[in-house]
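structure for this input, please:
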Amino acid sequence: MVIGASTGGPDALSRLLSSLPADFPVPILIVQHLPANFTRYLADRLAHQSAFEVQEATSGDRLLPGQVRLAPGNVHMVIAKDFQGPFVQFNEDPPEQSCRPSVDVLFRSAAAAFGPTALAVVLTGMGRDGLAGCVAIRAAGGQILVQDEATSVVWGMPGHIARAGLANLALPLDALGPEIDRRSREGMPARRRTGGESEEAPCR
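This is a model prediction of the structure:
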């Protein structure tokens with residue numbers, strides 16, 4: 001699972017991770033817009049407030065279930081694959097949407113690495129970082145959940161995605177955790193729809 005957040009994100013991430021069960025079955029990669037050095041403190045905070053092993057990512061980290069990796073400030077984090085499976089890579093390509101790390105960069109790599117099993121979550125934040133990445137996620141058959149307007153500090157990032165018809169669901173922050181857990185365990189690819197309209201994935 002990949003998560004993008006900006007303004008209001010640290011508190012939203014804390015609430016979201018604490019709502020997920022300790023046996024959550026997939027790895028979690030996060031881009032939170034923060035300057036270099038601040039992400040390490042956020043990772044430590046999230047580790048104390050959730051049941052997960054949360055760390056600032058390092059290049060070469062393997063993606064393992066129940067582990068959370070937070071992109072360091074001032075580098076892009078992407079998912080790469082080799083014969084052993086997926087792992088973290090960094091690059092210093094130019095910022096996208098004035099952001100580095102960029103949600104778009106991470107999400108595009110998730111679409112390429114995981115295709116229809118990719119699950120993206122966009123939390124509160126200013127701007128439109130994540131919109132292009134969500135286009136790639138949906139084109140690959142993956143799923144997208146966004147935080148709703150009422151519980152967002154700023155409904156910029158999730159709002160752009162919802163208005164573009166890319167989100168499977170927009171949910172209150174406290175409802176995201178159970179829905180993420182359900183979808184991650186079912187591994188249910190979203191159905192594609194033409195015309196830019198959002199469509200809920202079928203329930204089993």
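
pLDDT below threshold where in this protein?
187-204 (pLDDT under 70).

could I get the full set of helices for it?
9-18, 38-49, 103-114, 131-139, 157-163, 173-186 (DSSP state H).

contact partners of the third one?
Yep, that's helix 103-114 we're talking about. 2, 4, 29, 31, 71, 76-81, 86, 93, 96-97, 118, 120, 122, 129-134, 136-137, 139-140, 142, 157 (C-beta atoms under 8 Å, 6 or more residues apart in numbering). Quick note: C-beta positions are derived from backbone N, CA and C, even for glycine.

would you mind checking those residues for buried ones?
2, 4, 29, 31, 71, 76-79, 86, 96-97, 118, 120, 122, 129-134, 136-137, 140, 142, 157 (16 or more other C-beta atoms under 10 Å).

could you list which of those residues belong to strands?
In strands, judged by DSSP state E, the following of the buried ones among the contacts of helix 103-114 are found: 2, 4, 29, 31, 76-79, 86, 120, 122.

can you add distance to Gln49 and give those back as a markdown table?
Output for those, formatted as a markdown table (distance: C-beta to C-beta, whole Å):
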| residue | distance to Gln49 |
| --- | --- |
| Val2 | 20 |
| Gly4 | 19 |
| Leu29 | 18 |
| Val31 | 19 |
| His76 | 26 |
| Met77 | 21 |
| Val78 | 27 |
| Ile79 | 25 |
| Pro86 | 26 |
| Ala120 | 22 |
| Val122 | 21 |
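
could I have stretch 84-91 exported to PDB, CA atoms only?
Coordinates of the C-alpha atoms in stretch 84-91 are reproduced here as PDB (Å, rounded to 0.1, in the frame of the first residue of the first chain):
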ATOM      1  CA  GLN A  84      14.100 -11.300  -4.700                       C
ATOM      2  CA  GLY A  85      11.100  -9.000  -5.000                       C
ATOM      3  CA  PRO A  86      10.200  -5.300  -4.500                       C
ATOM      4  CA  PHE A  87      12.500  -2.900  -2.700                       C
ATOM      5  CA  VAL A  88      13.000   0.800  -2.100                       C
ATOM      6  CA  GLN A  89      15.100   3.100  -4.300                       C
ATOM      7  CA  PHE A  90      15.800   6.800  -4.100                       C
ATOM      8  CA  ASN A  91      16.500   9.400  -6.800                       C
END
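
pull out the buried residues from it.
Buried, per 16+ other C-beta under 10 Å, within stretch 84-91: 86-90.

check stretch 16-26 too.
Across stretch 16-26, burial judged by 16+ other C-beta under 10 Å covers 16-17, 19-20, 24, 26.

cool, stretch 110-124 as well?
Applying 16+ other C-beta under 10 Å to stretch 110-124 flags 110-111, 113-114, 116-124 as buried.

which among the residues you listed gets closest to Leu42?
Leu123 (13.2 Å; C-beta to C-beta).

neighbours around the residue nearest to that closest one when sequence neighbours are not counted, how many?
Nearest non-adjacent residue to Leu123, counting by C-beta to C-beta, 6 or more residues apart in numbering: Ala5, 3.9 Å away. Other residues within reach of Ala5, judged by other C-beta atoms under 10 Å, total 29.

likewise for the one 5 residues further on?
Each residue near Pro10 was counted by other C-beta under 10 Å, and the total is 18.
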